[in-house]
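1. Got a sequence here, can you build the structure:
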Amino acid sequence: MTIRSTVLVATLAVAGLAHAHGDVAPQAVDTSTLPAVGEEWLTENPYRAEAAGDEVWAEAIRVGASGYNQNCARCHGLEGVSGGLAPDLRFLEAEEYGDEWYVERFRDGYTQNGITKMPAFGELLGQEAAWAIRTYIETRPDDHAMTEATPELSDLRDALADGSADTGATAARLREIASGIETLSGAPIADSAAWRAANILEAGDDAQAAAEVLTIGLSAAK
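-> Modelled structure (predicted):
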């Protein structure tokens, strides 16, 4: 099965489950690699880079991606792109006002007319998982900006995959593209495929790994 087919199957599965979120058991999130934030629930995300540093912020995105995909994507959409059955969380402001709304819903859930629209995740998953997922959500890239960058990103991906790319120049260009891809939340950096691929190349010139990240990101953007 191709990556595109896999994404399509996953999307259909999400659509089929979206109406029954209240019946789905929350899945535990491993937050052992993140700093503990205490028992009292905070009202502002402690894992943002300006508060916790770049390494903690990046790890929160990684942990949050896992937590989101296990517990949230079935209603709120793959990569945070909602199909309309639940709020598109990418638009929730990356500031204290948005944090307060988010953490209240995460902790207490949401019920409408006696029907559970969102289960209470607070006691089951804990505060570290809540803020990691929040960090992942607020760094989702604007999918329209990703679409505009797709032709060039595809060319860069192909050159990386066949070994013809100058990895240094490619990393620099990916960084330029990434700087033009904004978030919808107002967070300063979008965790886009271009940004991830640039990080990989700058860390060790692993062209094949960077090409794979671009392939997955481009497939999700379609």
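2. all helices in the chain, in order from the N-terminus.
-> Here the chain has its helices, by DSSP state H, at 3-17, 49-52, 54-71, 73-76, 96-108, 122-125, 127-138, 143-162, 167-179, 193-204, 207-221.
3. Can you list the buried residues in the second one?
-> I take that to be helix 49-52. Buried positions in helix 49-52, judged by neighbour count with 16 or more other Cβ atoms under 10 Å: 49, 52. To be clear about C-beta, it is placed using only N, CA and C from the backbone, and glycine gets the same treatment.
4. Just the CA atoms of that helix, as PDB, please.
-> Only the C-alpha atoms of helix 49-52 are listed here, as PDB (Å, rounded to 0.1, in the frame of the first residue of the first chain):
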ATOM      1  CA  ALA A  49      10.000  27.400  23.600                       C
ATOM      2  CA  GLU A  50      10.100  30.800  25.200                       C
ATOM      3  CA  ALA A  51       9.200  29.300  28.600                       C
ATOM      4  CA  ALA A  52      10.900  25.900  28.500                       C
END
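5. Check which helices and strands that helix sits against.
-> Counting contacts by 3 or more Cβ pairs under 8 Å, 6 or more residues apart in numbering; DSSP states H and E, helix 49-52 is packed against helix 54-71.
6. Measure how buried the residue lying closest to residue 65 once chain neighbours are set aside is and give me the count.
-> The shortest distance from residue 65 to any non-neighbouring residue, by Cβ to Cβ, 6 or more residues apart in numbering, is to residue 136 (5.0 Å). By other Cβ atoms under 10 Å, the residues close to residue 136 number 25.
7. residue contacts, the nearest residue to residue 196 once chain neighbours are set aside?
-> Spatial nearest neighbour of residue 196, excluding adjacent residues (Cβ to Cβ, 6+ apart): residue 213 at 4.8 Å. Listed by Cβ atoms under 8 Å, 6 or more residues apart in numbering, the contact partners of residue 213 are 193, 196-197, 200.
8. Quick check, residue 122 in contact with residue 105.
-> No. Between residue 122 and residue 105 there is no contact under Cβ atoms under 8 Å: 9.7 Å.
9. State the pLDDT value of the residue most central in space within the chain.
-> In the chain, the residue lying closest to the centroid (Cα atoms, centre = their mean) is residue 136, at 4.1 Å. pLDDT recorded at residue 136 is 97.
10. so it makes contact with residue 69?
-> No. Using Cβ under 8 Å, residue 136 is not in contact with residue 69; the gap is 9.1 Å.
11. For stretch 97-114, list every residue counted as buried.
-> 98-99, 102-103, 105-107, 109-110.
12. cool, stretch 124-135 as well?
-> 125-135.
13. Next, format the residues you listed as JSON lines and append distance to residue 168.
-> Shown next, in JSON lines, are the buried residues of stretch 124-135 (distance: Cβ to Cβ, whole Å):
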{"residue": "125", "distance to residue 168": "41"}
{"residue": "126", "distance to residue 168": "42"}
{"residue": "127", "distance to residue 168": "41"}
{"residue": "128", "distance to residue 168": "37"}
{"residue": "129", "distance to residue 168": "38"}
{"residue": "130", "distance to residue 168": "39"}
{"residue": "131", "distance to residue 168": "35"}
{"residue": "132", "distance to residue 168": "32"}
{"residue": "133", "distance to residue 168": "35"}
{"residue": "134", "distance to residue 168": "35"}
{"residue": "135", "distance to residue 168": "30"}
